[in-house]
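Novice: My questions are about this predicted structure, shown below with the sequence.
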Amino acid sequence: MSILDKAKIGNSVQINLEQSKDRLTKEVIDAINYSSVAKISDFRITDGKGIGVILKLSNGKEQWFFEDEIDLLDENGNVIKKNNDKKDNNNFLLDFLRRLNYENKYKVNELLNPINFFIWLIISIKDIF
């Protein structure tokens, strides 16, 4: 589930400084050390696959962060737990492919069955996705 499904512009987040401090300036690090809570001001595509956020920091400046460098906060200021289990995907097709099993076939009529070939093909290439 993407951050776009859970957050909106104006929501509060907490910045994980340990995951991002190697790329930030001293001024930004000082602002985060003063207050690690920031507000979402915009979303940006990071590398064509992920979503990043632009946050308004305590010093009034804006800085972008990767989705995994922040934690969403609820109305009470508590961190909303992330679901990092990639196998807990709601996508039916991916769940189906993960559960597919293939047993080697030894009889000629099983080998020539197009359904068995198709299952073998899917099992063989599913790790690419």
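Specialist: Nice, thanks for sending it over.

Novice: what's the longest helix in this protein?
Specialist: Using DSSP state H, we find that the single longest helix of the chain is helix 114-125.

Novice: Quick one: list the elements packing against that helix.
Specialist: For helix 114-125, there is no helix or strand it packs on, judged by 3 or more CB pairs under 8 Å, 6 or more residues apart in numbering; DSSP states H and E. C-beta coordinates here come from the backbone N, C-alpha and C atoms, glycine included.

Novice: list the buried ones in that helix?
Specialist: Using 16 or more other CB atoms under 10 Å as the test for burial, helix 114-125 gives I119, W120.

Novice: Equivalent analysis for stretch 55-65, please.
Specialist: Buried residues in stretch 55-65, defined by neighbour count with 16+ other CB under 10 Å: L55, L57, Q63, F65.

Novice: I'd like those residues written out as JSON lines, with secondary structure, pLDDT and distance to Y106 added.
Specialist: Formatted as JSON lines, the buried residues of stretch 55-65 follow (DSSP: H, G, I helix; E, B strand; the rest coil; pLDDT from 0 to 100; distance: CB to CB, whole Å):
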{"residue": "L55", "secondary structure": "strand", "pLDDT": "93", "distance to Y106": "59"}
{"residue": "L57", "secondary structure": "coil", "pLDDT": "92", "distance to Y106": "64"}
{"residue": "Q63", "secondary structure": "strand", "pLDDT": "91", "distance to Y106": "61"}
{"residue": "F65", "secondary structure": "strand", "pLDDT": "90", "distance to Y106": "54"}
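
Novice: tell me the contacts of the residue nearest to N11 when sequence neighbours are not counted?
Specialist: Leaving aside its sequence neighbours, N11 sits nearest to I40 (CB to CB, 6 or more residues apart in numbering; 5.1 Å). By CB atoms under 8 Å, 6 or more residues apart in numbering, I40 lies in contact with A7, K8, I9, G10, N11, S12, V13, V53, I54, L55.

Novice: Run the chain-centre distance for stretch 26-38.
Specialist: Distance, stretch centre to chain centre, for stretch 26-38: 24 Å (CA atoms, centre = their mean, to the nearest Å).

Novice: now do stretch 106-123
Specialist: Averaged C-alpha coordinates place stretch 106-123 at 35 Å from its chain's average position (CA atoms, centre = their mean).
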